[in-house]
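Enquirer: Just to be clear, the model below is a prediction. Sequence and coordinates:
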Amino acid sequence: MIQFILNNQLIKTDKPASTTLLDFVRYDENLRGTKIGCREGDCGACTVLIGSMKNGKLEYISATSCLTPLPNVHGKHVVTVEGLNLPDKLNQAQQAMVDCSGTQCGFCTPGFVNSMCGFALTCSEPTLESAISAIDGNICRCTGYKTIERASAQLASKLVSKDQNNSMQWLVANEFVPNYFLDIEERVKALKTEEYNSNGQIPIGGGTDLYVQKHDDIHEYDLDYLFDKNVLNGITFEGNRCILKSSATVTDLMENERLLETIPNWYRHLKLLSSTPIRNIATIAGNIANGSPIGDFTIILLAMKAQLTLTNKVKENRKLMLKDFYTGYKTFDKKPDEYITEIAFELPVNGIQFNFEKVCKRQYLDIASVNSAISISVNGNLIAEAHASMGGVGPIPKYLAKTCEFLANKTISASVIKEAEQILQSELSPISDARGTEAYKRLLGRQLFFGHFIELFPETIKMEDLL
Amino acid sequence: MINIDAHNHVKGKSIYLDDIQELNGTLYALPFDATVAHAKIKSIDFDAALNSHGIVRILTYKDIPGLNQIGGIIPDEPLFAEDEVHFRGQVIALIIGTSEHHCRQASKLVKVEFEELPVIVDPREAQAKGKLIMPPRQFKLGDTESAWAKCTHIFEGRSDVNGQEHLYIETQGAYARPKEDGSIIISSSTQGPTAVQRMVAQVLAIPMHKVEIDTVRLGGGFGGKEDQATPWAVMVALASQILHKPVKMSMHRMDDMRMTGKRHPYSADFKIGLDIDLKIIAYEVTHYQNAGAAADLSPAVMERTLFHSTNAYFIPNVIAKAFSCKTNLPPNTAFRGFGGPQGKFVIEAAIVKAAESLGVSPALIQRKNLVVDGSELSYGQILQQVEATNTWETCMKSYDYDAQKTRVEEFNKNNKRFKKGLAIQPICFGISFTNTMMNHARALVHIYHDGSVVVSTGGVEMGQGLNTKMLQIVTETFGIRANRVRIESTNTLRVANTSPTAASAGADLNGKALQMACNALLSRLLKVAETELNTDKLQINDEFLFANDKATEISWKDLVMKAHVMRVALSENAHYATPTIHYDKTKEKGHPFAYHVYGTSIHEVTVDCLKGTYEFDSINIVHDFGKSMNPTIDNGQIEGGLVQGIGWMTLEEIVYNDQGRLLSNALSTYKVPDIYSVPKQINIQHLETEGHELAIKKSKAVGEPPLMYGIGAYFAIRNAVKAFNPNADLAVNAPYTPEKVLMDLYKKA
């Protein structure tokens, strides 16, 4: 039995667990305000809010309901647009969208309203930038977004005086969310649900990959729902080693204070990965286990010398380096009953510099044509060690072993980097596909490789020295 | 006035096709389509699928009681393939079951044996092999042959422009319910309810009066639901008629993308000749339109390409020729601009080619050749009330283009990695359906005796704000408040024989008809008052009757009741047909457009020459709205159209492989602009003009024209690329994706 609060209503359902939240709210609960645009998390028309207890507090995230299986909202509060309506008037997000004419055909609008209300619920520093960031997963085909930008600005300005200490009271009093939100935290606590119990053969985390790839067949699968398993959640540090449990999400990492402090541009780099509602539910282990040769987080972790812990059904652990995990296109050094439980990597400290580059057709919310990461430790201009990776240039997310080997103990200079690029090319084997021709990917690979040095060593390396 | 739907939209209360409450026993339909682009169907085995859980029936062409034909202009498109398939995604059968999921599982069990035939995806190849949708057409003005001799400069070249996926966020869908006596009601997410009605009647072999089409609103259309909403509605109607059950289809995004046509890709050859003063004396262009496997709207789209082949420029000697080429792709169709953008793209490419070769700014050539009052276009229409120069000059002045140009040149001198590009894009777009017979509309207005008003027109609301403009007409004509008026769904029983809501003409045509209906009712009501008050100096203001400019105690409601008691008709149906327009296809001459819309935009882009990525810094526009009846809605159309046009020119890349398989088949591989990829600034200035009598309330049509500003985005990027790599010989091939930009940045001279 899956239990959760949907808007102001307690739900107990025996629906098959693989049912998507989207189908459940639309066709079982007849809440048709949540729209279907793509069923792959790329349009945001189905965005809902999910509130869950984190460290004793109710915290909300936006999420694409099309990719969310029901067990992932077990014991939580799910909010659709209907649950954001005030009895007699518009809430502040809705009012801003109306005032600024941010809606034309209206089909994408409930998704935007949800993301905007999610922003109102979660923001600590309401700026135009952060307000827009909250709607980065919502696609509108009518407006050209300028009116929506203005609506976001209006919303952010109204949130400036938000009382962070009594935020829910303030939000209700100021008509951002309806009254019933005041006692939702108590009601979620009172649900006292047990962890959703599943023990299937196929592990599923946030659902952001499986529901896209196996849209039709997933309902026949024997799934093991890992997203909310306590043992698989959390980020810890042992010295300069960061240990992620496998169900940690991209957002968890993006908001982690230690990582934000330690790694320059960490937020900016992770902002290049998909969109807010996807980052909120996409797990790091999922990114790795999906095996896509272009997985952004995999590329980042390869450069960070990540190590995986695989655990089998009888709880035996096996450790291996991420770079050794991939054996071919979507094939792994992994036994059928093993799944990833932990990912550990070294923080780039003590002179280690880190950079991530990604180019796609659209800068945000897109899959890379080529992506690349590097972590490089230098003494003065002498490279002690370099670890670099590149995606989209072969059957697996590529750890650039030969290039790294070449770079070790070299002095950073344009000629060294150019020579390294020759070796880099020998490690690449891109194919032409929807994300670009082989020639483009090779050229882009070169550019991004050069880009690392231009970005990290601006005093030493200029673009014109390399090209 | 803000969009009247806005409140319901933000609350999630607006009802779209898939939000209609299903009747008990509703069945779901899934089209089963071809997996090869050209083949003979050797055999099909439905047995396993039919035995699959939840499957009720599988329909093929054999089940069609009427004609297996849905071609609107040319009858060349079967509803279901018979012996051959001509594109991947062509529907062969319709699987009907108790849930979409069951249908989808069953579809995997259908076994089809194809005998594959050669596949053509390139329009030039199709043309060379004589595979044409219709005979080519040619527009001719003056005499290019003798004009070439007078040209100081002659340049030839080629341009290519790709298609565009509509990506309405609401996918295609329809829901049919049987009524008594063999009649049927179909809710359809269509821009053309009458087109759906006509094809349902034809395929089901029943008269049109038995087919009711109802459309509340669309979650986006952009032309993609003009003709291509029809097959799905016909399919559910057929299933409903055969099974006597409600049958629904709401397409999965990937099915929609794979099965439906898009904006037409075009390839073109041009030759342009200029005199010593850079006046364009002669222009010849041959367009190769990639029509796909059936005509759909391609003939009409091709026609508009020809009409707009010289964009906003007067060229005295022109030959514009076009081939509609038959390929093995889904039939391409209407998309905002309707062939016009593709026609304009080529002349801009030709001007850029001339400018680059001569080492002058394209703007110099553009400015010297703008149309003026009295300019004759290649199809014989003499332009009047031309605002091309006015919008251009106002744009240069208002946004201080000269300073911007200096700043950009300075920037490029001082930056290696980042380069800026500037481009100016004037537009001139004709308003009316190019097919003269389609330029008519009707409106039905009932005033109930409680004073409330209900309005039906043939226009479909799809976000463009049509219903809001219709409401404005009613409230302003009657002098009553908006809450008295309800704009009803578009329904073929209430308004018959409609043209689709398209060609930017929805507000003009339906608005004029509505104005006529309201005026007729108003005069009847005032006549009632005239008898009572003994004066004919009467009007209604804010719900009250005014006599001799003084308020009376008679409210709108009172007046309506008086009229009702006096047995005065409180309903009116009016018909409007655009006057002045005509066109003779045998001569390719006439006056097809009621009027033209003008505007000028300036585009500034910054290209990262390391990565090949780009950002638009600003787009500055001066647009000729006439007298905008709703600046909020009209500005929304400009911003939305512009961004869609920029998307077409930059990110949005449709990729078919040589076997006609769509590789950009989902939102993960086909990228439309997101909030970060739009220009940082979009400025819109209204050019205050008289407007045009044939525009509703002199407020000019605004749906399509702004899309064509997007073309400037392409050439702005090109100029930035040229600033980095001045000597390379660059092709003109839109969209300018980051891939093409990077390849061009590092292309060897």
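Expert: Sure, I can see it. Everything numeric in this text was worked out from a predicted model, so none of it was measured. Residues are numbered from 1 along each chain as shown, chains lettered A, B, ... in the order given.

Enquirer: Near chain A, which residues of the stretch 251-400 of chain B are found?
Expert: B:H252, B:R253 (Cβ under 8 Å from any Cβ of the partner chain). C-beta coordinates here come from the backbone N, C-alpha and C atoms, glycine included.

Enquirer: tell me the domain boundaries of chain A?
Expert: A:2-84+A:182-206+A:217-223, A:92-177, A:229-466 (automatic domain parsing).

Enquirer: So which of the ones you listed is nearest B:C325?
Expert: Judged by Cβ to Cβ, the one of those that comes nearest to B:C325 is domain A:229-466, at 23.9 Å.

Enquirer: Would you format the domains of chain A as TSV with mean pLDDT, distance to B:L274 and mean neighbour count included?
Expert: Shown next, in TSV, are the domains of chain A (pLDDT from 0 to 100; distance: least, Cβ to Cβ, whole Å; neighbours: other Cβ atoms under 10 Å in any protein chain shown):
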stretch	mean pLDDT	distance to B:L274	mean neighbour count
domain A:2-84+A:182-206+A:217-223	96	46	20
domain A:92-177	97	35	23
domain A:229-466	96	36	19
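
Enquirer: Tell me which of those domains lies nearest to B:T535.
Expert: domain A:92-177 (41.9 Å).

Enquirer: tell me the contacts of the closest residue to chain A within the stretch 101-250 of chain B?
Expert: Scanning the stretch 101-250 of chain B for proximity to chain A using Cβ to the nearest Cβ identifies B:G219 as nearest, at 3.0 Å. B:G219 is in contact with A:K35, A:C105, A:G106, A:F107, A:C108, B:Y16, B:Y168, B:I169, B:E170, B:S189, B:M462, B:G463, counting by Cβ atoms under 8 Å, 6 or more residues apart in numbering or on different chains.

Enquirer: now, among these, which is nearest to B:G590?
Expert: Nearest member of those to B:G590, counting by Cβ to Cβ, is B:M462, at 29.8 Å.

Enquirer: Can you classify the nearest residue to A:G295 once chain neighbours are set aside as helix, strand or coil?
Expert: Leaving out its chain neighbours, the residue that sits closest to A:G295 by Cβ to Cβ, 6 or more residues apart in numbering or on different chains is A:N287, at 4.7 Å. Following DSSP: H, G, I helix; E, B strand; the rest coil, the label given to A:N287 is helix.

Enquirer: How about the contacts made by A:N287?
Expert: Contacts of A:N287 were listed using Cβ under 8 Å, 6+ apart, and they are A:V250, A:G295, A:D296, A:F297, A:T298.

Enquirer: Among these, name the ones in helices.
Expert: A:V250, A:D296, A:F297, A:T298 (DSSP state H).

Enquirer: Make JSON lines from the residues you listed and add distance to A:P395 to it.
Expert: Shown next, in JSON lines, are these (distance: Cβ to Cβ, whole Å):
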{"residue": "A:V250", "distance to A:P395": "24"}
{"residue": "A:D296", "distance to A:P395": "17"}
{"residue": "A:F297", "distance to A:P395": "18"}
{"residue": "A:T298", "distance to A:P395": "13"}
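
Enquirer: Chain B next: which of those residues are close?
Expert: Checking the ones in helices among the contacts of A:N287 against chain B by Cβ under 8 Å from any Cβ, not one of them is in range.

Enquirer: Closest one of the residues you listed to chain B?
Expert: Nearest to chain B among the ones in helices among the contacts of A:N287, with distances taken as Cβ to the nearest Cβ, is A:D296, at 13.5 Å.

Enquirer: Now do the contacts for that closest one.
Expert: A:D296 makes contact with A:L272, A:L273, A:S274, A:N287, A:F356, A:K358, A:A368, A:N371, A:G391 under the criterion Cβ under 8 Å, 6+ apart.

Enquirer: which helix is the longest one in the chain?
Expert: Went with chain A since none was named. helix A:438-456.

Enquirer: not quite, I wanted chain B
Expert: helix B:506-533.

Enquirer: now for it, which elements pack on it?
Expert: Counting contacts by 3 or more Cβ pairs under 8 Å, 6 or more residues apart in numbering or on different chains; DSSP states H and E, helix B:506-533 packs against strand B:440-447, strand B:453-457, helix B:466-478, strand B:538-541, strand B:544-547, strand B:550-555, helix B:556-565, strand B:571-577.

Enquirer: just the angle between that helix and strand B:550-555, please?
Expert: Angle of helix B:506-533 versus strand B:550-555, following axes from the mean of the first three to the mean of the last three Cα atoms, to 10 degrees, is 90 degrees.

Enquirer: Any idea how far helix B:506-533 is from the middle of the chain?
Expert: Relative to the chain's own centre, helix B:506-533 is displaced by 31 Å; criterion: Cα atoms, centre = their mean, to the nearest Å.

Enquirer: and if you look at stretch B:453-465?
Expert: Taking mean C-alpha positions (Cα atoms, centre = their mean), stretch B:453-465 and its chain are 17 Å apart.

Enquirer: Same check on stretch B:204-218?
Expert: 22 Å.

Enquirer: just the ones in helices among the contacts of A:N287 now: which is nearest B:F724?
Expert: Nearest member of the ones in helices among the contacts of A:N287 to B:F724, counting by Cβ to Cβ, is A:D296, at 28.0 Å.

Enquirer: With adjacent residues omitted, what lies nearest to A:M463?
Expert: Closest residue in space to A:M463, ignoring its immediate chain neighbours: B:R417 at 4.9 Å, by Cβ to Cβ, 6+ apart.

Enquirer: Spit out the contact partners of that neighbour.
Expert: A:M463, B:D608, B:C609, B:L610.

Enquirer: Kindly report the domain assignment for chain B.
Expert: Structural domains assigned to chain B are B:6-117+B:172-250, B:266-434+B:586-745, B:440-577, following automatic domain parsing.

Enquirer: Return the residues in contact with B:K671.
Expert: B:K671 makes contact with A:C360, A:K361, A:R362, A:D366, B:L651, B:E652, B:E653, according to Cβ under 8 Å, 6+ apart.

Enquirer: now with 10 Å?
Expert: Residues in contact with B:K671 (Cβ atoms under 10 Å, 6 or more residues apart in numbering or on different chains) are A:42, A:139, A:360-367, B:165, B:167, B:647, B:650-653, B:664, B:677, B:737.

Enquirer: Please apply the same query to A:A386.
Expert: Here A:A386 is in contact with A:303, A:352-353, A:374-378, A:400, A:403-410, A:420, A:452 (Cβ under 10 Å, 6+ apart).

Enquirer: Point to the residue nearest the middle of the chain.
Expert: Here I'm looking at chain A. Note on chain A: the residue nearest the mean C-alpha position is A:R279, at 2.0 Å, using Cα atoms, centre = their mean.

Enquirer: Let me rephrase: I mean chain B.
Expert: B:R336 (2.6 Å).

Enquirer: I'd guessed that one sits against B:Q191; true?
Expert: No - here B:R336 does not reach B:Q191: they are 11.3 Å apart, not a contact under Cβ atoms under 10 Å.

Enquirer: what residues are shared contacts of those two?
Expert: B:G221, B:F222, B:G223, B:G224, B:A502.

Enquirer: near chain A, which of those residues show up?
Expert: B:G221, B:F222 (Cβ under 10 Å from any Cβ of the partner chain).

Enquirer: Could you tell me which of the shared contacts of B:R336 and B:Q191 count as buried?
Expert: With neighbours counted using 16 or more other Cβ atoms under 10 Å in any protein chain shown, the shared contacts of B:R336 and B:Q191 contain these buried positions: B:G221, B:F222, B:G223, B:G224, B:A502.

Enquirer: is it true that the last one lies in a strand?
Expert: No - per three-state DSSP, B:A502 lies outside any strand segment and is coil.

Enquirer: May I have the residues that are in contact with it?
Expert: With contacts defined as Cβ under 10 Å, 6+ apart, B:A502 is in contact with B:191-192, B:221-223, B:225-227, B:297, B:300, B:334, B:336, B:338, B:433, B:438, B:460, B:703-704.

Enquirer: Within the helices and strands, which one has the closest residue to chain B within the stretch 201-350 of chain A?
Expert: Of all residues in the stretch 201-350 of chain A, the one sitting closest to chain B is A:D216 (5.1 Å; Cβ to the nearest Cβ). Secondary-structure assignment from DSSP states H and E places A:D216 in no helical or strand segment.

Enquirer: With that, I have no additional questions.
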